[in-house]
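K.L.:
could you look at this predicted model? Sequence included:
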Amino acid sequence: MSNHDSKTTHGSSKNLVDTAAANGSFNTLGKALEAAELTHVLKGSGPYTVFAPTDAAFAKLPTGTLDNWLKPENKAELISVLKYHVLPGRTSAVDVEKLSAPKMMQGQSAAVRKDGDKLSIGGANITQRDIASSNGFIHAIDTVIVPTKQ
């Protein structure tokens, strides 16, 4: 593990996907990104801010929901859900607090709420903030946020 990457920013040479994998709490998200063929996007230059559902967040989904999304015929829905967790740009938690309804990569907006020291997006609580990577930030969330069907 060398930290001699000239593109290193914010102290991490790992991209968002590798940072999430190293964290250990985002294994389900990693599988979903692979199934949706979005890993290459989040390994790109970005920058992106990922509101990353933890494995526990995915476990809270109704039984069968994730398995259904992972089926090849439901790839478009899976892509939509995953892109609803990605905000273009590098946005720290302090900057997220200043947003009211940022437009996510998927195209719809997700409401940001601040209640004391608690911060949520789309109804999901942010449980871990500012996990830095070379091409953006990861904020862990406790619920999978699902865009409204259009």
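P.N.:
Now that the structure is in, tell me what you want to look at. Residues are numbered from 1 along each chain as shown.
K.L.:
residue 44 and residue 54, how far apart?
P.N.:
23 Å (Cβ to Cβ, to the nearest Å). (C-beta placed from N, C-alpha, C; glycine too.)
K.L.:
quick one: which of these two has more around it?
P.N.:
residue 54 (22 against 13; other Cβ atoms under 10 Å).
K.L.:
could you find the closest non-adjacent residue to the more buried one?
P.N.:
Leaving aside its chain neighbours, residue 54 sits nearest to residue 25 (4.6 Å; criterion: Cβ to Cβ, 6 or more residues apart in numbering).
K.L.:
and the one you found, that one's in a helix?
P.N.:
No: remark: residue 25 does not belong to a helix; assigned using DSSP: H, G, I helix; E, B strand; the rest coil, it is coil.
K.L.:
and the gap between it and residue 106?
P.N.:
In terms of Cβ to Cβ, residue 25 sits 22 Å off from residue 106.
K.L.:
got it, and residue 85?
P.N.:
For residue 85 relative to residue 106 (Cβ to Cβ), the value is 8 Å.
K.L.:
out of the two, which sits in the busier spot?
P.N.:
Legend: neighbour count by other Cβ under 10 Å for residue 85 and residue 106, higher for residue 85 (28 against 16).
K.L.:
list the contacts of that one.
P.N.:
For residue 85, the contacting residues are 50-53, 104, 141, 144-145, by Cβ atoms under 8 Å, 6 or more residues apart in numbering.
K.L.:
tell me the first helix or strand C-terminal of the longest strand seen in the chain.
P.N.:
In the chain, with assignment by DSSP state E, the single longest strand is strand 124-133. Proceeding N to C from strand 124-133, the next assigned helix or strand is strand 136-141, under DSSP states H and E.
K.L.:
and the pLDDT at residue 41?
P.N.:
Per-residue confidence at residue 41 stands at 94 (pLDDT).
K.L.:
tell me if it really is in a helix.
P.N.:
Yes: assigned with three-state DSSP, residue 41 falls within a helix.
K.L.:
neighbours of it, just the number please.
P.N.:
Using other Cβ under 10 Å, residue 41 has 18 other residues around it.
K.L.:
picking that back up, tally of neighbours for the residue nearest to residue 54?
P.N.:
18.
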